[in-house]
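In: quick one: sequence plus predicted model below, questions after.
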Amino acid sequence: MEYDQLKGFFYVAKLGSFTEAASRLYLSQPAISLQVKALEKEIGERLFDRVGRKIRLTHSGEVLYKETEDLVGKLDEIQSIVQQFKSIGRGRLKLGASDTTSIHVLPKLLQDFVAEYPNVDLTVSSAYSSDVKRLVIDRELDVGIVTLPVSDSRLDVVPLFSKVFTAIVPPNHPLAARKQLRAKDLASADVIALESGTTTRKIIDTLLAGEGVAPTPVMEFSNFEIIKRYVAEGLGVSVVPRGAVDEARDGVRAVSLQRKLSIESGAIYRRDRRISHTARAFVDMARSYFLDDPRRSLFSSSAEAN
């Protein structure tokens with residue numbers, strides 16, 4: 001039984017497609033098919049049932065898939081470490097973060113990181129925190145930057161920065177003349193919110209509920225950049241990270257909240273996986289980056305005063 005056969009089988013099972021597995025492993029589809037057939041022949045069991053164009057695991061396939069999941073992840077990790085030993089200063093970093101963090105926080109940090117580690121193969125994926133967490137657990141990402149808290153025994157968590165939130169309203173809105181807004185002021189307006197089910201939305205709803213406020217949004221969108229545009233068009237008000245707002249550019253008025261509303265963000269990576277030198281270098285740089293000057297995050301309380 002060869003590792004390449006197990007790896008080919010694992011990705012076909014995980015992705016539910018010979019074509020996608022071949023693409024992931026940079027192989028041809030016939031090569032993946034031959035690996036799976038050779039594995040089936042060796043163990044004497046059929047691993048997949050073909051139903052039309054779809055495939056599904058047999059009982060034997062399900063058992064083997066569960067047993068190979070950790071094995072494939074661990075051996076890929078070892079290969080990555082060995083490759084780093086061969087070439088100091090090189091490596092791979094797969095990073096994931098939300099749209100807001102990707103737009104407003106990461107560019108300068110990654111500019112510094114790439115300047116110090118120019119030979120690192122860096123990829124960045126933008127997704128909801130819940131999806132980033134899942135991808136880290138599935139070993140699709142090395143490090144994720146997500147909304148905290150994260151409670152999962154499989155993950156290590158490194159707090160990095162706080163996002164302080166502010167209200168935004170159209171410039172001609174009656175609330176635009178106010179210096180501060182109370183939570184109940186928002187309840188009486190048309191609220192545009194982040195999509196329900198997102199980690200940040202859940203936290204905001206919980207914090208507002210603590211103030212006795214439960215606004216019913218008139219619109220919901222997937223990220224704060226879209227929300228700012230709709231507020232600028234006079235379609236409602238919202239609560240967004242202060243550092244993500246440029247009043248002149250966005251065409252909105254930012255009004256601070258009477259009671260501070262903030263959400264923590266941090267880095268996550270698998271606890272049972274030896275973190276690579278490259279990933280460790282990034283996490284350490286990120287910690288120093290925000291600790292040395294919290295304003296760099298554009299989300300700190302000091303940014304609120306600017």
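Out: Perfect, thanks for sending it.

In: give the buried residues for stretch 99-119.
Out: Neighbour counts over stretch 99-119 (16 or more other C-beta atoms under 10 Å) mark Asp99, Thr100, Thr101, Ser102, Ile103, His104, Val105, Leu106, Leu109, Leu110, Phe113, Tyr117 as buried. Every residue, glycine included, has its C-beta placed from N, CA and C.

In: the second one contacts Phe224, correct?
Out: If I follow you right, that is Thr100. Yes: contact status for Thr100 versus Phe224: in contact at 5.3 Å, counting by C-beta atoms under 8 Å.

In: now do the shared contacts for these two.
Out: Common contacts of Thr100 and Phe224 (C-beta atoms under 8 Å, 6 or more residues apart in numbering): Pro241, Ala244.

In: hmm, back to that, and the buried residues of stretch 99-119 as JSON lines, adding pLDDT, secondary structure and distance to Ile203?
Out: Output for the buried residues of stretch 99-119, formatted as JSON lines (pLDDT from 0 to 100; DSSP: H, G, I helix; E, B strand; the rest coil; distance: C-beta to C-beta, whole Å):
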{"residue": "Asp99", "pLDDT": "90", "secondary structure": "helix", "distance to Ile203": "16"}
{"residue": "Thr100", "pLDDT": "89", "secondary structure": "helix", "distance to Ile203": "14"}
{"residue": "Thr101", "pLDDT": "92", "secondary structure": "helix", "distance to Ile203": "15"}
{"residue": "Ser102", "pLDDT": "93", "secondary structure": "helix", "distance to Ile203": "19"}
{"residue": "Ile103", "pLDDT": "91", "secondary structure": "helix", "distance to Ile203": "20"}
{"residue": "His104", "pLDDT": "89", "secondary structure": "helix", "distance to Ile203": "18"}
{"residue": "Val105", "pLDDT": "89", "secondary structure": "coil", "distance to Ile203": "18"}
{"residue": "Leu106", "pLDDT": "93", "secondary structure": "helix", "distance to Ile203": "21"}
{"residue": "Leu109", "pLDDT": "93", "secondary structure": "helix", "distance to Ile203": "23"}
{"residue": "Leu110", "pLDDT": "95", "secondary structure": "helix", "distance to Ile203": "26"}
{"residue": "Phe113", "pLDDT": "93", "secondary structure": "helix", "distance to Ile203": "28"}
{"residue": "Tyr117", "pLDDT": "89", "secondary structure": "coil", "distance to Ile203": "33"}
